[in-house]
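Undergrad: need coordinates for the below:
(2 chains)
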Number of protein chains: 2
Amino acid sequence: MDIDIPDMARRIALGERRALARGITLVESGRADHRAQAAELLGALPQDRQALRIGLSGTPGVGKSTFIETFGMMLTGQGLRVAVLAVDPSSARSGGSILGDKTRMDRLAREPDAFIRPSPSQTHLGGVARRTREAVALCEAAGFDVVLIETVGVGQSETVVAQMSDVFLLLLAPAGGDELQGVKRGIMEMADLIVINKADGVLKSAAKRTCADYAGALRLLRKRAQDPKGFPKAMTVSALEESGVDSVWDTLQELIAWRREAGFWVQTRADQARYWFEDAVKQTLLAVLATPQARKALSGLSDAVAAGQVDPATAAQDFVDKLRAN
Amino acid sequence: MDIDIPDMARRIALGERRALARGITLVESGRADHRAQAAELLGALPQDRQALRIGLSGTPGVGKSTFIETFGMMLTGQGLRVAVLAVDPSSARSGGSILGDKTRMDRLAREPDAFIRPSPSQTHLGGVARRTREAVALCEAAGFDVVLIETVGVGQSETVVAQMSDVFLLLLAPAGGDELQGVKRGIMEMADLIVINKADGVLKSAAKRTCADYAGALRLLRKRAQDPKGFPKAMTVSALEESGVDSVWDTLQELIAWRREAGFWVQTRADQARYWFEDAVKQTLLAVLATPQARKALSGLSDAVAAGQVDPATAAQDFVDKLRAN
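TA: Numbering: from 1, shown residues only, chains lettered A, B, ... in the order given. So this is what the prediction gives:
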C-alpha cells in the first residue's frame, strides 16, 4: 500500500472521516514501515488542536455503551463533535472488540458529528495503549471537541488510559454497600468522577445509597493537588432515562476550568507527552524483536535456556550481539 | 578494573566467599562492559547445581530478620549452606538497604556456612530483579543448598521474587481478623506457605486466630495445579523462641518433594529461565538509553515534546534513527 502521507494529513486536518479511519488503521499497524509512516503522519498534523480527552472505565454490565451513547448524543446536540475510542486488553482473547459492533450504540453511530472506532485487537497492552494514544492525537487533529476513551475495569488498562486522558470517569452500577470493596483502591484513586448508572426504576434508591457510599470513600482518599474543593465527586445518572448526564458534563466543565486556571491542565499534558515519548522510544528499540527471523532465533534460544543448556544472561548477550552484527 | 573471569568462575565454583561477593558486585553493575563480563561469568559457571530458592515477603515489623536468622541457623545446624539475598525496591529512596546492616542478623552473619548479601540500591526494580536473579545463580554455582530471597510487601517486588523462587513464603504478624484484607489478594495467591510469626507471649492466641483466618481464606482461593492436597498452608512460628521453624522446613520439604515428583519443579524452573532470558534481551536492547549522551539527547527531546513542539512518535523515531546512525 502506497500512502500519500502529506495528503492524508491534510484530509485528516479537514476532518474527513475516511482519512481519519485510514490514519487510525495506519497507527494501529505493527509493521516497521507502517510505524515510520505513522510517525511521519503524526509529525505532519497540526499540533495546536486540543480535544477534551475523557477516560471512561467500567466493568461489563454497568451500562457503559448506553452511557456513552446518551452522553455522546447530548454533546452532539450541543454542536460538539465526539469521537469514541476503546482500549480493550481482553479483545485478543475474546476474539472481538468491545466496540466491534457499532449497533451497540446505534443512534450515536449514525450521528454525523460522532465517530466510533472499535478497539484494535492486540495481545500486548503496551502496544495497544500507544496506538490508542496516537488515534486520540489523530482525532484531535481532525477537530473533534471531545474524545471518549473507553476501557474495561481490569486495572492495568485504566492506568494507561489515565495517561492519555484529561479527566477520568469511573462508571459503576448500584450495589450493596459491602460490594464497595470490589472496586480496586488504585482505580478509585484515579477517578475524577464516579458515576453510578441505572439510577432509575427499582434500582433508583440503591443507586443513591451506592453513590453516598462512594462519596464517603472518596473523602477518605488522600487529597490530590490537581483537585479543587469537593473533587473527586460521586454522582448518579440514568443513561436509559437520559437523566443526569448533563450534570456530569457540567461537573466536568467545572473541574476542567479550575485545572486550566491552576495550571494543571498544561502540566498534565506535558507530563503525559514525556511519558509517551519515552514509551515510544522503548517500543521502537524493542521492535527489532518482532521480525520473523528474530522471533525464530528467540524461540530457539529460549528452548535452550529452558533446557538449562545456557544461562539466560549469556543467551541474551549472544542474541543481541548477533542482532547488531546483521 | 581488570577481571580474570575464568579464575573468578573457578573460585566461585569452589565456594570461595570473597570471589562470590566480587561476582555479585559485578552482576549488580550497570556498566556496559561489566554487563558483558557478567554474562561471560554466568556462562562460565557450572549449570548443574541447584539450590532450593525460597522467596520470602513480609512488611516491616513482622519480624522478618529474626525469622531469617532463626530459620537460617536451623539450616546451618543441619549442615546446610545458606545464602540470604534481598530485593528491596525502596532502598534507593530510603538511602539504605534493608539488609545494609548485617548486625540485624548478627548470629547468622558470623556462621561460616551462611552468606548474607545486602540488597543493591537501584531505582529501577526491573534492573534490581534481574541482578538479584543473577546473584541467586552465583550462589547456586557456589554450592549453597538454600538461597533465601527476601523482599518487602509492596506488590510489584513479590511478583519478581516469585519469578526466581521455587517456593514463596509470606510472613505475617498476628492481627485482628478484620485486618486480613490488608494483605493484597495477589500476594496471597502467590504464597505457598503463610507463616504467622510472633506466636509467643501475649500474642500467642492472636497468632493462632490469625493463622486460622488465613487458612480459611486460602481455602477460598482458586486451586492451583502445582499444589498438592492441603496446600497452600498457614502455620504459626515464634522466631524469637525458635519454635515452629523446623515445621516450616518440614512442610516446605513435603511440598518440594511432591512438586519434583509431579514434574512442576522442572517445569517452573524452565518457565522462569525463559522469562529471565526474554527480560535480559529487552534490558540489553534498552541499555543504549543509559549512556550519558543518550540521556542528554533524551532529556532535550523530552522537553521539546512536553512543550508541544514535536509529537512523541516523531521525536522517538528521530531519536532511534540517530542512535542507530552512530
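Undergrad: any weak-confidence spans in chain A?
TA: For chain A, the stretches flagged by pLDDT under 70 are A:1, A:88-103, A:119-127, A:153-155, A:176-182.
Undergrad: hey, where'd the strands end up in it?
TA: A:52-57, A:82-87, A:114-116, A:146-151, A:167-172, A:193-196, A:233-236 (DSSP state E).
Undergrad: go through these and name the closest to chain B.
TA: The closest of the strands of chain A to chain B is strand A:52-57. By CB to the nearest CB, the value is 14.5 Å. Every residue, glycine included, has its C-beta placed from N, CA and C.
Undergrad: if we can go back for a sec, let me have the strands of chain A in a markdown table, extended by distance to A:Val161 and mean neighbour count.
TA: Listed next are the strands of chain A as a markdown table, based on distance: least, CB to CB, whole Å; neighbours: other CB atoms under 10 Å in any protein chain shown:
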| stretch | distance to A:Val161 | mean neighbour count |
| --- | --- | --- |
| strand A:52-57 | 4 | 25 |
| strand A:82-87 | 5 | 27 |
| strand A:114-116 | 17 | 23 |
| strand A:146-151 | 5 | 26 |
| strand A:167-172 | 7 | 24 |
| strand A:193-196 | 14 | 26 |
| strand A:233-236 | 19 | 21 |
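Undergrad: now these as JSON lines including distance to B:Pro228?
TA: Listed next are the strands of chain A as JSON lines, based on distance: least, CB to CB, whole Å:
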{"stretch": "strand A:52-57", "distance to B:Pro228": "39"}
{"stretch": "strand A:82-87", "distance to B:Pro228": "40"}
{"stretch": "strand A:114-116", "distance to B:Pro228": "51"}
{"stretch": "strand A:146-151", "distance to B:Pro228": "39"}
{"stretch": "strand A:167-172", "distance to B:Pro228": "40"}
{"stretch": "strand A:193-196", "distance to B:Pro228": "44"}
{"stretch": "strand A:233-236", "distance to B:Pro228": "46"}
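Undergrad: can I get the ones you listed in TSV with distance to chain B?
TA: Formatted as TSV, those follow (distance: least, CB to the nearest CB, whole Å):
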stretch	distance to chain B
strand A:52-57	15
strand A:82-87	16
strand A:114-116	20
strand A:146-151	16
strand A:167-172	19
strand A:193-196	21
strand A:233-236	22
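Undergrad: how close does A:Val161 sit to B:Ala316?
TA: Distance, A:Val161 to B:Ala316, using CB to CB, to the nearest Å: 20 Å.
Undergrad: swap in A:Thr210?
TA: Noted for A:Thr210: a distance of 43 Å to B:Ala316, by CB to CB.
Undergrad: let me see the contact set for the closest residue in space to A:Thr284 that isn't next to it in sequence.
TA: Sequence neighbours aside, B:Val320 is the residue nearest to A:Thr284 in space, at 4.5 Å (criterion: CB to CB, 6 or more residues apart in numbering or on different chains). Each residue near B:Val320 by CB atoms under 8 Å, 6 or more residues apart in numbering or on different chains is listed here: A:281, A:284-285.
Undergrad: in the stretch 101-250 of chain A, what residue lies closest to chain B?
TA: Using CB to the nearest CB, the closest approach of the stretch 101-250 of chain A to chain B is made by A:Glu134 at 6.1 Å.
Undergrad: who does A:Arg53 bridge with?
TA: Applying DSSP bridges to A:Arg53 gives these bridge partners: A:Val147.
Undergrad: what are the ranges of the helices in the stretch 151-300 of chain A?
TA: With helices called from DSSP state H, counting those that start in this stretch, the stretch 151-300 of chain A shows them at A:156-162, A:185-190, A:204-220, A:245-262, A:264-286, A:292-306.
Undergrad: output those as CSV; include the columns distance to B:Asp166 and mean neighbour count.
TA: Putting the helices of the stretch 151-300 of chain A into CSV (distance: least, CB to CB, whole Å; neighbours: other CB under 10 Å) gives the following:
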stretch, distance to B:Asp166, mean neighbour count
helix A:156-162, 27, 21
helix A:185-190, 30, 15
helix A:204-220, 40, 16
helix A:245-262, 50, 16
helix A:264-286, 30, 19
helix A:292-306, 16, 15
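Undergrad: just put the ones you listed in a markdown table and tack on distance to A:Gly30.
TA: Below are the helices of the stretch 151-300 of chain A laid out as a markdown table (distance: least, CB to CB, whole Å):
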| stretch | distance to A:Gly30 |
| --- | --- |
| helix A:156-162 | 17 |
| helix A:185-190 | 28 |
| helix A:204-220 | 39 |
| helix A:245-262 | 34 |
| helix A:264-286 | 10 |
| helix A:292-306 | 12 |
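Undergrad: tell me the domain boundaries of chain A?
TA: Here the domain parsing of chain A from automatic domain parsing is A:1-47, A:49-262, A:289-325.
Undergrad: next, the distance between the ends of the last one.
TA: Here the two ends of domain A:289-325 are set 15 Å apart, with distance taken as CA to CA, to the nearest Å.
Undergrad: OK, contacts around A:Leu240?
TA: Applying CB under 8 Å, 6+ apart, we find A:Leu240 in contact with A:63, A:66, A:70, A:198, A:200.
Undergrad: check those residues against chain B, which are close?
TA: Contacts with chain B are made by none of these, judged by CB under 8 Å from any CB of the partner chain.
Undergrad: for A:Val87, see how far away A:Leu26 is.
TA: A:Leu26 sits 18 Å away from A:Val87, going by CB to CB.
Undergrad: how about A:Leu218?
TA: Counting by CB to CB - A:Leu218 and A:Val87 are separated by 24 Å.
Undergrad: ditto for A:Asp2
TA: 30 Å.
Undergrad: try A:Phe264
TA: To A:Val87, A:Phe264 is 23 Å away according to CB to CB.
Undergrad: ok, now A:Arg35?
TA: Noted for A:Arg35: a distance of 19 Å to A:Val87, by CB to CB.
Undergrad: in the stretch 151-300 of chain A, which residue sits closest to chain B?
TA: A:Ala280 (3.4 Å).
Undergrad: fine by me, thanks again.
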